[in-house]
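A.B. asks: Just need the structure, nothing else, for what follows:
(chains A and B)
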Amino acid sequence: MSAASKTPDRHDAAARRAVMAHMVAHYPDRESSLAVARALLAAGVAYLEVQFPFSDPSADGPVIQEANSAALDAGFRVDDGFALVSEITRDATVPVYLMTYASLVVSRGVEAFCSAAAVAGAAGLIVPDLPFDYDEGLYAAGKAAGLEVVPVLVAGVRDERLAQILGCRPESVYVALRAGITGSETVLDDATVRFLDCVKAAGCRVFGGFGVRRREQVEQLAPHLDAVVVGSQFVRALAGAVDEAPGNRAAAAAAVGAAARELVWGTAAASQSGAPAG
Amino acid sequence: MQSRYNDYFGEFGGRYVAEVLRGPLDELQHEFCAAFDDPEFHADLERVRDQFIGRPTPLLHAVNTSTELGGAQIYVKLEGLANTGAHKINNAVGQALLAKRMGKRRVIAETGAGQHGVATAAVCATLGLECTVYMGEVDRRRQRPNVFWMELYGAQVVPVRSGAQTLKDAVNEALRDWAASFADTHYLIGSALGPSPFPDMVREFQAVVGRETQQQLAEHGLTPAALIACVGGGSNAIGFFEPYLESETPRLIGVEAGGRGIETGAHAARMLGLGRTGILQGYKSKFLLSEDGQVAATHSVSAGLDYPGIGPQLAHLGESGRVEFRRAADAQALEALRAFARNEGVIFALESAHAAAAAMELAPQLPSESVIVVNMSGRGDKDLFITARELAPEAWKTFLSEEEASL
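C.D. replies: Next up, the predicted model:
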């Protein structure tokens, strides 16, 4: 579908693809990140994933890593993160997930972290370095707080391991489509497609991504997923805007909004009638 | 007898990794256990220890220092005489042989002081493995000579410019590499930390230091009152202490980096109440963390001790009381380095000099017939650019200026 053939003021509902947009809380600063969240929601993303920055994000690539460092340099505290999520979820009509690393969760205390996330209106938690069998009680605490805990899978995980993870009956799973870190380009091969279809057949929502940059990738992945996760691409767009016009919040949010519309709708143009609700 | 594979040590240890690394770690655990049951693997290991590392390393009676201090007899395990200059080679050899056994063609490693990187690069050269070493930019600068050696051995040294640009950041970068490369690559971690089975595996490969020391002491009819080792991640300490972990004696003393003094905040001491229980880089242990769980800045004159975490088994042994922890400040380590050079003709690595400083403090408190053994885990050649600047600044400056002028 060619973007040029679309009129700029209307979006075609059939063109909409479900995207889970990742963003880093307080990058480049608190207010900008709030504006980014709103721009992503207005662009029509299906899910929002808000990352609490960590000093040592070892599963993230350089783009997200730098955003984490910048947010910490700007003074991010975990309490600020919960406050930001509260403000985002107040207006959001789509589920907002909170992603971070084990260190932040266990330092707060797993139960305290879960209850704060629930109070802030988060739908669930994504903590890649707390797998179900080394979870410090996260899965039970999430359940008690009414939060989903979303396991992070990797395409190609061994069958018995997959069976164990699905045996925890997660509502959703998050699949890293490339063995590696965020930000490198994903290629969808037959084995991966079979893997995704197998996970989906188990009855969970499947979020998948890592390295999704272009609308064609979204088109290719969308039939096999409940939402295509896009992370580094939006952070990259934001970083570019911040470099070009430091301190210009509107420009930063607009850059991320355009990048999101491109992937959600196949066109970066804004809808005058406002984005359809999720 | 303690088990070879424990996973947890009390509440510490574990395998807190993203799913992508779970498969490679499961495979490694399996191979580690299989290799240790295989006499052929041990035969290979023995051959390399004999011909390449240069084992056994000597146990020196530091007569002059002992006499001068007027207390316990100080013995020094000269582990720094091993090929490449430190105990790091014991683990590098073991894991590299394991990597070969697993059919990996490439090895990656992190390094702080550069000793683990140099050891890994050397082993890879002799075993025909491709080698990439991640090193924080700050460490690259302060341990520049080791970068030359690694490159001479044919390794690629990748500077890490994220975070604090020291050892922990090099570990992060190595983990990132491994997450994408595990199919043909082994991550040869340099200390007794990280996700299981690394803490168990590194202890087993370093235990040769303690077992040899135990035998050497027995040959001299000596019963040690205390064993002393420096603790960064803690691989030299856990290997040195290993034969004695299940018994009540001797005293086992780990020495952390007191840096510029605990009160300044510029240190790397995690035990004795300064560290918080946390999870970082795949394992649960004591770390220097903020209240939120962000990793705190650390400082030590020795790059090898400049790390915010401690191996999980040592954290547990510290909590249980089997291992006592002490600290030595930068200045004390330099003083010990000077004393042992003058008295014994032995130059400690800055890391190991922390253990020497603690021994000098302890010896006068003990009777002259008692024996304490210090692990000189590394020798100090690599620190020339730091020690010369600290101990003889003017002469060193003149030398460097002349060198530069002659280029």
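
A.B. asks: all contacts plus neighbour counts: C-alpha atoms, from now on.
C.D. replies: Fine.

A.B. asks: which SS class is the closest residue in space to A:Gly209 that isn't next to it in sequence?
C.D. replies: In space, and not counting its chain neighbours, A:Gly209 is closest to A:Val229: 4.5 Å by C-alpha to C-alpha, 6 or more residues apart in numbering or on different chains. Reducing the assignment to helix, strand or coil with DSSP: H, G, I helix; E, B strand; the rest coil, the entry for A:Val229 is strand.

A.B. asks: Over to the one 10 residues further on?
C.D. replies: Going by three-state DSSP, the secondary structure assigned to A:Ala239 is helix.

A.B. asks: Can you list the strands that the host helix or strand of A:Leu48 pairs with?
C.D. replies: Under the criterion DSSP states H and E, the helix or strand holding A:Leu48 is strand A:47-51. Applying DSSP bridges, strand A:47-51 is found paired with strand A:19-24 (parallel), strand A:96-99 (parallel).

A.B. asks: Strands along the chain, start to end?
C.D. replies: Using chain A. In chain A, the strands defined using DSSP state E lie at A:19-24, A:47-51, A:96-99, A:124-126, A:148-149, A:152-154, A:172-176, A:205-209, A:227-230.

A.B. asks: should've been chain B
C.D. replies: Chain-ordered strands for chain B, with DSSP E as the definition, fall at B:8-9, B:12-13, B:59-61, B:73-77, B:106-111, B:130-136, B:156-160, B:185-187, B:224-230, B:251-259, B:276-280, B:283-287, B:323-329, B:371-375.

A.B. asks: of those, which approaches chain A most closely?
C.D. replies: Closest to chain A of those, according to C-alpha to the nearest C-alpha: strand B:276-280, at 5.1 Å.

A.B. asks: Check the offset of the closest one from the chain's centre.
C.D. replies: From the chain centre to the centre of strand B:276-280 is a distance of 20 Å (C-alpha atoms, centre = their mean, to the nearest Å).

A.B. asks: From the contact counts, what lies against it?
C.D. replies: Contact here means 3 or more C-alpha pairs under 8 Å, 6 or more residues apart in numbering or on different chains; DSSP states H and E; on that basis strand B:276-280 packs against helix A:102-108, strand B:283-287.

A.B. asks: So which elements touch the last one?
C.D. replies: Right, the one you point to is strand B:283-287. Applying 3+ C-alpha pairs under 8 Å, 6+ apart, we find strand B:283-287 packed against strand B:12-13, strand B:276-280, helix B:312-320.

A.B. asks: Next, the angle helix B:312-320 makes with that strand.
C.D. replies: Here strand B:283-287 runs at 50 degrees with respect to helix B:312-320, directions being taken by axes from the mean of the first three to the mean of the last three C-alpha atoms, to 10 degrees.

A.B. asks: picking up where we left off before, quick check: which of the strands paired with strand A:47-51 is buried the most?
C.D. replies: Mean neighbours per residue, mean count of other C-alpha atoms under 10 Å in any protein chain shown, is largest over the strands paired with strand A:47-51 for strand A:19-24, with a mean of 28.

A.B. asks: ok, which stretches of the stretch 151-278 of chain A are helices?
C.D. replies: A:159-166, A:190-201, A:215-221, A:232-244, A:249-265 (DSSP state H, counting those that start in this stretch).

A.B. asks: Tell me which of these lies nearest to B:Thr387.
C.D. replies: With C-alpha to C-alpha, the closest approach to B:Thr387 among the helices of the stretch 151-278 of chain A belongs to helix A:232-244: 41.7 Å.

A.B. asks: Show me which residues of chain B sit near chain A.
C.D. replies: Where proximity means C-alpha under 8 Å from any C-alpha of the partner chain, the interface of chain B facing chain A comprises B:14-20, B:23, B:162-163, B:169, B:172-173, B:175-181, B:277-282, B:291-295.
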